[in-house]
Structures are given as structure tokens and as C-alpha cells.
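> build me a model:
(chains A and B)
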Amino acid sequence: MSPTAVAALFALLVLVVVIGFLVIGTYNAVVALRNRVAKAWANIDVALKQRYDELPNLVEAVRDVMAFEQDVLEEVTARRAAYSDRDPIPRQAATSEATSEAVRHLFAVVESYPEVKSAANVAALQAEIARLEEIIADRRELYNDQVFRHNTRIAQVPANLVAGLFGWTPQPFFAADDDERERPAVELREA
Amino acid sequence: MPTADPSLLGLCLAGVGVGLLLLWRGFGGYRAAARIGDTSTSRIATLAAGEVRISGVVERAEVTLVSPLQSRDCVWYRSRIRSGGRDEQELFAEERGIGFRIRDASGSIRVFPRGARIDAPDRFAERTGPLGDEPPGLALRGGSPFTTPAEDREAAIAALLTVRVPDPDPELSGLGGGSFEDSGRRYEEARLEEGDVITVVGTALPFGHLEDPSGADRLDRYGDPLAGLDDPEVAAEVAEARAAGTLLTPEEAWGNAAIPGFGIGRPVRAPELDEGVTAPVLATPEEAARIEQVFDLEPDLLVVAAAPDSPLLIATGTPGEAVAREEGRFLVGLLGAVLAIGSAVAGALLLATG
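Numbers count the residues shown, from 1 in each chain, chains lettered A, B, ... in the order given. Presented below is the predicted three-dimensional model:
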């Protein structure tokens, strides 16, 4: 084989290695991104379930003293009951937003009941739920950022060229879409 | 038959080699850029276990290091001294890291650096002058590479006002230049210091899940006997040996060195010494408490460390800066590919035309 043929073969080999690396690198990067999105979602799900478990304790702790605020308590209970981990992500986001709103309302009302606010168990539950609310907010931000990175990556060259082949589709953000926002999440029961 | 100039052919071969090396390093840059850039930054206060990216400033833990070339307090360094001239050789090389904390606006978390890949540009890169005169800023370390920072302001002032007779590090003695033969000697040092902004991509896990916290708290690229634990097979064998009870206890393996404070500061209990040797002064209760709390972390507390399937990556700067640096490395790698191909073609033409 002549030296020029060897050089041409070498050049071809280097090109194949570089292109192969880019293809494999892109595939692996998208797979890693999908896994990160799934993990970020699982982390939100854990916090949502924890809040779901904690809310009845808080409602029970304040129910007797706050007899005149049944609407607020019922609202929290009903929003909590609307949660289902089998719902599509936008609907879960809408439910979560509504629950957070109801919890904030409850916390504001508790402020006007000094005897409730000062009870140790109520204070502890309030602190725990406030902590969970903060975790949910942070993880929601993290999840949405991860989804943004994933959706951007699969829309860019070279991933968009093979996205159809591998079935890569954009992931939903954890945000209530307009339909979900307009839909009343739950019917409040009579107190 | 025409013959090619051997020196030109050698140059072409060197071009191919350098180009391929750059390409290989560029691939590493691409992977690192993808890993940093594709992971979102978590807030430390609400961190979840698993692979995470965090960004913040370095805070020292209980012990810091002293860098060999500039004697600066730091949590990691990589130092090199190379001789000048044509036959360049490495005279000294050391890379060492120690556990530290990283703080963001929400809180701080402990980082165990063993097995980390650290991307930090050199902070000191100088060479000796034409007569072998030492470069400005060179302050070779004297004494131990470990130090415990002063606890309060008064102690810090006292430390500053204390004159200490230099006790040169034997490994570094004679490497400061000083003669004509030393001219062109090169000094390079990269460091991570307290207050530096860094980005860390690693695994957040409960402290109790760390198999060997003492080992994980150290990074030593040269001769670290625990470095092999990064290998899953070695780690599995060690775990098996530990389960079978065939591993020595720290006391059996290291004797006095297993006593907290024996190597740094003062021992917390009386060590076993030969008769006639002056016994060291034991630590006061306050000092002992400080030494013992080195790993006084709750088992459930999250820390960041390397995991077998998720190596630890520490880079100076914000995530954007770290990604830009790694992408730059990839672009240089692509240029390396062009260099390799160009050199191969040039070599072939030389051979063909003589």
C-alpha cells in the first residue's frame, strides 16, 4: 500500500472516530438527560407524597380550636384529596399549586389564633409543612430546568436528526397549563 | 529510490502523536462539558440524594493543606517542578486534596474528594531567571503539608506574629533554583483555596453510606494506597474482606497513627511509646473535642463524594465557566484531529516525493 493510501486511510479513520464519538456522545447525553428528568420528577413526587401525608395531621391539630374556619380547613382537605400521582404532570402541577395556596391561606388564618399558633404540635407541623413547601418549590425549579435542558438538547443538531429514530419527545414542565388553571380542581364539601 | 528527510518525517510523526493526544483530551472535555452542562444546579438546603450539581464557595473543614510551591493554605493543590533545557524532566510532582465544605446561598455541604477529577487552572506558573534566580512568588513549603487553621482572631494574630525557624520539606530542598544550571526551571501550581467559587458534580449520599470516610476525605494522586478503592472490583474485594473479618482494625494496622490527633495537633490519649522517649503532651478537653469532631456528622446528613457509577468532578468557577473551559478543550481536540490528519498527509507526501 502506498504512503498516500495509508495517509488517506488514517484520515478516514480519524474522521470516523470523531463522528462516531459525537454520535455516541450525543446518544449517551440524551439518555443521561432523560434519566435526570425522571429522577428530578421522582424527587418532586416524594415531597408531594410527604406533604399529602402531613396535611391531615395539621388539619386535625387545629380543627377543634378553629371551629369558625371550617371553610379553610375543608379547602385544604379537598385540595389534598385531589392529588393523584397517576395524573398527567400539568394536572399534578395545578393540584400542587392549589394545595400550596390553600396551605398558605391556612397559615395566614392560624396567625389570628394565638392559642393555636403557640401549640407545640401545631408549630412543629407548620414548620414541617413549610419545609416541604420549600422543598417542592426548589425541586420544581430543578425539574423544570432539567426538562428545559432535555427539550433544548433534543431540538438541537445533531440530536434532532435522530430524535424520531429513538422516540425522543419533549418532556412536560411541572407547570399548570391554561386548561388546568381554569378547571376547578375540586368541589368543596359543605362544612 | 528517493529518500525523505528523517527530521521532517520525525516532525510529521510528532504531529500525528500530539494531534491524537489532543483529540483524546478533547473527548474528555466533551464528556465533562456534557456532564456539567446537562445537570441542573441544586440548592444545598433542599438537596436530594443521587447525582447532583452544586455551585458555591469553598469553605475549609477542620484541616487544610499547605501548597508546596507558594506555601498557601488550600484544600487541594497540584504542583510540578520541571527542569529547564532540552532534556526536560519532572523533578517534583504532587497532587493532594482534603475534605472541605461548599456553601451556597441556602447552606453548606461537606465534600469528600477522593477519586475527584479536578479542573483548575494554574495559579502560579513561573520559571527561574537566566542565572537560576528564583521566580517572584516562589515560597517553598517548610514543614508539614497539613495545617489546622487558627480558631479565632487572637490565635490568628499570634500565629502571624510568631517567628518560626524554617524546617524545609526534604522533598523540596534544593529545588528553589540558585545556580546557572537551574535556569529555565519551571514551577506550576494549581490550587483550590477558601473563598474560591467552584462547581461540583458528584453523588449526594448520607454520610453513613460512606464506607471509608477517612480514606474518602483524602485525595493523593501519587501513591495513595486507597486510590484503588475507586475500582469497583477492588472495592468489592475489600468489602468482602471486611465482612469476613480478615481486615486489620485501624489500631492493628496503624498503631499510634490511629489515635485522633496523633499526626496533626496532639493525641487524645496516651500512645504506646518506647521507653525513654519523651511522651507527647495530650490534648486538652477542648482540643480533644475539636479533633474528635472531625467526622462528627450525623449518619443521615447528606455529603458529596464519588460513586462507582458517578465520578466526582470539581471545577473552578461557575457552571457556565466550567462548561466553557471543557468545550474549549474539545475544540482544541478537534484541531488536534486536523493536526494529526495534516501531519499524516504531509508525511505521506514526503515519503512519496522523497
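
> which sections of chain A are below the confidence cut-off?
By pLDDT under 70, the weakly predicted segments of chain A are A:68, A:177-191.

> ah, wrong one, I meant the stretch 51-200 of chain B
Counting by pLDDT under 70, the stretch 51-200 of chain B shows low-confidence ranges at B:149-151, B:163-170, B:177-178, B:180.

> kindly recompute the last result at 90.
B:60-64, B:71, B:83-92, B:114-115, B:127-185 (pLDDT under 90).

> can you give me the strands in it?
B:64-66, B:73-74, B:76-82, B:90-98, B:100-104, B:107-111, B:117-119, B:124-127, B:146-147, B:186-192, B:197-206 (DSSP state E, counting those that start in this stretch).

> can you lay out those strands as JSON lines showing mean neighbour count and distance to chain A?
Where you see a C-beta, it was placed from the backbone N, CA and C, and this is true even at glycine. What follows is those, written out as JSON lines (neighbours: other C-beta atoms under 10 Å in any protein chain shown; distance: least, C-beta to the nearest C-beta, whole Å):
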{"stretch": "strand B:64-66", "mean neighbour count": "21", "distance to chain A": "31"}
{"stretch": "strand B:73-74", "mean neighbour count": "20", "distance to chain A": "31"}
{"stretch": "strand B:76-82", "mean neighbour count": "22", "distance to chain A": "26"}
{"stretch": "strand B:90-98", "mean neighbour count": "18", "distance to chain A": "26"}
{"stretch": "strand B:100-104", "mean neighbour count": "21", "distance to chain A": "12"}
{"stretch": "strand B:107-111", "mean neighbour count": "20", "distance to chain A": "12"}
{"stretch": "strand B:117-119", "mean neighbour count": "18", "distance to chain A": "17"}
{"stretch": "strand B:124-127", "mean neighbour count": "16", "distance to chain A": "31"}
{"stretch": "strand B:146-147", "mean neighbour count": "15", "distance to chain A": "36"}
{"stretch": "strand B:186-192", "mean neighbour count": "21", "distance to chain A": "26"}
{"stretch": "strand B:197-206", "mean neighbour count": "21", "distance to chain A": "11"}
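
> any chance of CSV for these, columns distance to residue B:303?
Shown next, in CSV, are these (distance: least, C-beta to C-beta, whole Å):
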stretch, distance to residue B:303
strand B:64-66, 18
strand B:73-74, 20
strand B:76-82, 17
strand B:90-98, 14
strand B:100-104, 10
strand B:107-111, 5
strand B:117-119, 17
strand B:124-127, 30
strand B:146-147, 21
strand B:186-192, 17
strand B:197-206, 7
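
> can you tell me the SS state at the closest residue to residue B:53 other than its chain neighbours?
Nearest non-adjacent residue to residue B:53, counting by C-beta to C-beta, 6 or more residues apart in numbering or on different chains: residue B:39, 4.0 Å away. Secondary structure state of residue B:39, per DSSP: H, G, I helix; E, B strand; the rest coil, is coil.

> now that residue B:39 has come up, it's in contact with residue B:50, right?
No: using C-beta atoms under 8 Å, residue B:39 is not in contact with residue B:50; the gap is 10.6 Å.

> these two: which is more packed in?
Per other C-beta atoms under 10 Å in any protein chain shown, whichever of residue B:39 and residue B:50 has more neighbours is residue B:39, with 23 against 17.

> list the contacts for that one?
Applying C-beta atoms under 8 Å, 6 or more residues apart in numbering or on different chains, we find residue B:39 in contact with A:36, A:146, B:51, B:52, B:53, B:201.

> highest neighbour count among these?
Busiest of these [other C-beta under 10 Å] is residue B:201, holding 27 neighbours.

> ok, now how distant is it from residue B:39?
6 Å (C-beta to C-beta, to the nearest Å).

> what pLDDT does residue B:265 get?
Note on residue B:265: pLDDT of 69.

> if we can go back for a sec, okay, and the common contacts of residue B:201 and residue B:39?
Common neighbours of residue B:201 and residue B:39 (C-beta under 8 Å, 6+ apart) are B:51, B:52, B:53.

> the first one against residue B:205, yeah?
No: taking C-beta under 8 Å as the contact criterion, residue B:51 and residue B:205 are not neighbours in contact, 10.2 Å apart.

> quick one: name the residues of chain A near chain B.
Counting by C-beta under 8 Å from any C-beta of the partner chain, the positions of chain A adjacent to chain B are A:2-4, A:6-8, A:10-11, A:14-15, A:17-18, A:21, A:25, A:28-29, A:32-33, A:36, A:39-40, A:43, A:46, A:134-135, A:138-139, A:142, A:145-146, A:149, A:153.

> buried ones only from those, please, as a PyMOL command.
Selection of buried members from those for PyMOL, criterion 16 or more other C-beta atoms under 10 Å in any protein chain shown:
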select buried, chain A and resi 3+7+8+10+11+14+18+21+25+29+32+33+36+39+40+43+135+138+139+142+145+146+149+153
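
> now, the residues of chain A next to chain B that are in helices?
A:3-4, A:6-8, A:10-11, A:14-15, A:17-18, A:21, A:25, A:28-29, A:32-33, A:36, A:39-40, A:43, A:46, A:134-135, A:138-139, A:142, A:145-146, A:149, A:153 (DSSP state H).

> can you name the residue of the stretch 51-200 of chain B nearest to chain A?
Nearest to chain A in the stretch 51-200 of chain B, going by C-beta to the nearest C-beta, is residue B:51, at a distance of 7.3 Å.
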